[in-house]
Every structure is written in structure tokens, then in C-alpha cells.
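Trainee: Take this sequence and fold it.
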Amino acid sequence: MNRIIHVKITSDEPDRITEFYRETFNWSVTKFPNPPDGWRMDSGKGPGVNCSVYRSDDSPMDRHISIAVSVPSIEDMVGRIRAAGGRIMHDKIHAFGNSYLYCQDPDGNIICLVEFR
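Mentor: Here you go, the predicted structure:
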């Protein structure tokens, strides 16, 4: 099976975006030592996908990607998202026995929070 192994996010203000993900999800952020300007965001140990952030000028791809993040409690994340400059897009959705909430980081990239039951 082909699986997602990495997510690349572009931003006009990568320092602000990496801070959002660090504050919201407690991810570690490391600046790459060489150009193009990039930052690695490590989401923790175990199975999963990590991210990188690049300046918009350094990437030909469009912004406004969508990523999904597994969280223990959607309710606990709402305040953290808002405090870090993010936006909640709509009310929580219940489907397939799980809960989902779509939100945006400060640049408008879409994040789907998934609370598995």
C-alpha cells in the first residue's frame, strides 16, 4: 500500500507558522542548515508522518494544503488553536465512529483534527 510519508507546508512567514504548530501540537521544530530556507517539524516517536515548512518563494507548489492530525481530545485543542492564531472552520463532525474538526493555521492551511474512538 502507498502511504503518506511526509507533508510539506509553504508560508510567507514560516517562523510564525512553525510557532503555531509547536504551540498547538507540541511538535519540535528544527531549522535546516542549508538553503532553501526550511524547517523540519517532528510530530513525535512511533508511526506517523512528519512535516517540513518552506518559504513560499522557495516552493513552486500552492499553499493551502490539508493535513490530518490525530488528537486525544478535540475539545482540548480548540483553545490552543485559537490562542496560537488559528481558526475553527465549523462544528465538530461525528462519522464512522470518530470525531473530526476542521481548522486553519494562521496562513489558511487546513488541518483536520481526528479523535479516534
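
Trainee: got any ranges where the protein has weak pLDDT?
Mentor: Along the chain, the model assigns pLDDT under 70 to residues 1-3, 35-36, 57-64.

Trainee: Next secondary structure after the lengthiest helix in the chain?
Mentor: Secondary structure of the chain per DSSP state H: the longest helix is helix 14-25. Sequence order places strand 28-31 as the next helix or strand after helix 14-25, per DSSP states H and E.

Trainee: Which neighbouring elements make contact with whichever helix or strand comes after that next one?
Mentor: Toward the C-terminal end, the helix or strand that comes next after strand 28-31 (DSSP H and E) is strand 38-42. Under the contact criterion of 3 or more CB pairs under 8 Å, 6 or more residues apart in numbering; DSSP states H and E, strand 38-42 touches helix 14-25, strand 28-31, strand 50-55. Using the backbone N, CA and C atoms, a C-beta is placed for each residue, glycine as well.

Trainee: bridging residues for the closest residue to F25 other than its chain neighbours?
Mentor: Once flanking residues are discounted, F25 sits nearest to V69: 6.4 Å by CB to CB, 6 or more residues apart in numbering. Applying DSSP bridges to V69 gives these bridge partners: L113.

Trainee: out of the helices and strands packed on strand 38-42, which comes closest to F116?
Mentor: Closest to F116 of the helices and strands packed on strand 38-42 is helix 14-25 (CB to CB; 15.9 Å).
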